[in-house]
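Undergrad: Structure for the following, please:
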Amino acid sequence: MDSSTSRFLLAMASGGHRPFPSRELFDAFQTPDGILCAPPGDLDCISGLHPSIRNALISLRDHPLEGERIDALNREGIRLVSYECSEYPAPLRQIPDAPPVLFVKGRIQPEDVRAVAVIGSRRAGAYGIAACERLVAGLVQHRFCIVSGMARGIDTVAHWSALEHGGRTAGVLGTGADVVYPRSNAALFEQVSLRGFLVSEFLPGTGARPENFPRRNRIISGLSSGVLVVEASERSGTMITVRLALEQGREVFSVPGDIRSPLSRGTHRLIQQGAKLVGCVEDILEELGHLPGPWANGAVRPSCCDSSQADPESDALSQGLPQGLPGDRPAEGTAEGGDTVLQFLSDCGTALDTLVRRTGWPVERLSRVMTQLELSGRVRRMPGNRYAPTGG
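TA: Numbering: from 1, shown residues only. Purely as a prediction, here's the structure:
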């Protein structure tokens, strides 16, 4: 991408939160340069173009080249992907308010078009975590890319589970693509960018602003053919994503839960309103199994409802496992490494077996470190031999 086009794309991404009619503008003028050089009268013919965006586009013709910002993107490994580029995800291009430019860290693969969004509560319970891990394992086995929002709770579990089972995952950010949020997901941020991709419509350096997260939800559903809700209260950001998914014509799936739990109220309400109840991955495949992928030519689909199937926590399914942070693996027999382990913990609790896979450490070594962290008050033990950080 030449520097002139990069400048235009950066400028368009700086245009605020007004809906940008990407499809209409790129259909009419083909390229960023074409849009920015269009006569004002031609811009007036574009349906849905807000006057403030029209005026901004006209003013950008003399916009100074942002060489320093482009150099900073290159240093961070962040690429600009414009709406008309072949790498721009085809499903996202079809939504009414598709972003004109994406900031991407990692590499979008053609097969990522076969995608399911997995979303739910930031305060996930043990049941929701187990259900998420099991269903993501099955989806990855059937070559689905797992899309989620990099938040605490179900999002974090979905991303890690996809990575631990050798799958692809996409993290949609409500910050700039260079901003790690929450900080506890620093290791996850690194692994997703290496083995999947991170994507944002916000300029690099954009912090965690509350108004950005509902906006990014349309990209989570827009990248996906279906949205799977694992746990959710009736009034939550998860329900915003569901509404957007329905507006975009996406399938909605919901996992039933404990009738005593507030986190089941949202998922049960969705089922009452017509979302498909999901008890195993086959329930999702019945609706999405026709999508392009390894099963499109009639190959037999292994059933994740079969009780003989390997447990999603099995090491046999975790090839390609991240082996800790580069340069931060402790020596055998030492008592160091607590700070490293904390990066792999989820606020809703992480099983010891899962930590073994995420760190690549022997279980004896990890058990000693977890005991030390527990005694020092830095982690708390939860039911099911899970650990969670005590800090925010």
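
Undergrad: Every contact and neighbour count from this point should use C-alpha atoms.
TA: Fine.

Undergrad: which SS state does residue 116 fall under?
TA: strand (DSSP: H, G, I helix; E, B strand; the rest coil).

Undergrad: Now do it, the pLDDT please.
TA: pLDDT recorded at residue 116 is 98.

Undergrad: I figured it was touching residue 145, is that so?
TA: Yes. At 6.4 Å, residue 116 and residue 145 qualify as touching, with contact defined as Cα atoms under 8 Å.

Undergrad: So for the two, which sits in the more crowded spot?
TA: residue 116 (30 against 26; other Cα atoms under 10 Å).

Undergrad: I'd like to know how far that one sits from residue 220.
TA: Distance check for residue 116 against residue 220: by Cα to Cα, to the nearest Å, it reads 9 Å.

Undergrad: anything in contact with each of those two?
TA: residue 147 (Cα atoms under 8 Å, 6 or more residues apart in numbering).

Undergrad: And for residue 281, the neighbour number?
TA: When neighbours are counted by other Cα under 10 Å, residue 281 comes out with 19.

Undergrad: pLDDT at it, what is it?
TA: On the pLDDT scale, residue 281 gets 96.

Undergrad: What of residue 62?
TA: For residue 62, pLDDT reads 67.

Undergrad: Repeat that for residue 133.
TA: pLDDT, residue 133: 94.

Undergrad: now swap in residue 28 and tell me
TA: 93.

Undergrad: gap between it and residue 22?
TA: 10 Å.

Undergrad: Have a look at these two and say which one is more surrounded.
TA: residue 22 (23 against 16).

Undergrad: nearest spatial neighbour of residue 338, skipping sequence neighbours?
TA: Nearest residue to residue 338, sequence neighbours excluded (Cα to Cα, 6 or more residues apart in numbering): residue 369, at 6.2 Å.

Undergrad: The one you found reaches residue 337, doesn't it?
TA: Yes. Using Cα under 8 Å, residue 369 is in contact with residue 337, at 7.1 Å.

Undergrad: so who does residue 389 touch?
TA: 342, 345-347, 378-380.

Undergrad: now those in CSV, with pLDDT and distance to residue 33?
TA: Converted to CSV, the contacts of residue 389 look like this (pLDDT from 0 to 100; distance: Cα to Cα, whole Å):
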residue, pLDDT, distance to residue 33
342, 85, 47
345, 85, 46
346, 79, 44
347, 77, 46
378, 90, 53
379, 92, 53
380, 90, 55
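
Undergrad: Which of these fall within strands?
TA: 379-380 (DSSP state E).

Undergrad: Narrow the contacts of residue 389 to those that are buried.
TA: 342, 345-347, 378-380 (16 or more other Cα atoms under 10 Å).

Undergrad: Distance of the residue lying closest to residue 385 once chain neighbours are set aside relative to residue 357?
TA: In this structure, residue 385 finds its nearest non-sequential neighbour in residue 351, 5.9 Å apart by Cα to Cα, 6+ apart. Using Cα to Cα, residue 351 is found at 10 Å from residue 357.

Undergrad: ok, now residue 141?
TA: From residue 141 to residue 357 the distance is 18 Å (Cα to Cα).

Undergrad: Residue 345 against residue 387, yeah?
TA: Yes. Contact criterion Cα under 8 Å: residue 345 and residue 387 qualify, at 7.1 Å.

Undergrad: need the contact list for residue 239.
TA: Neighbours of residue 239 in contact, by Cα under 8 Å, 6+ apart: 232, 266.

Undergrad: Counting neighbours, go ahead and name the busier of residue 141 and residue 357.
TA: Shown here are residue 141 and residue 357; by other Cα under 10 Å, residue 357 has more neighbours (21 against 18).

Undergrad: helix, strand or coil for the more buried one?
TA: Going by three-state DSSP: residue 357 is helix.

Undergrad: sorry, back to before: how about the residue nearest to residue 338, phi and psi?
TA: phi -60, psi -40 (degrees, to the nearest 10).

Undergrad: Look up how far residue 144 lies from it.
TA: 35 Å.

Undergrad: higher neighbour count, those two?
TA: residue 144 (29 against 19).

Undergrad: on that earlier part again, from residue 131, how far off is the residue nearest to residue 338?
TA: Distance from residue 369 to residue 131, by Cα to Cα: 28 Å.
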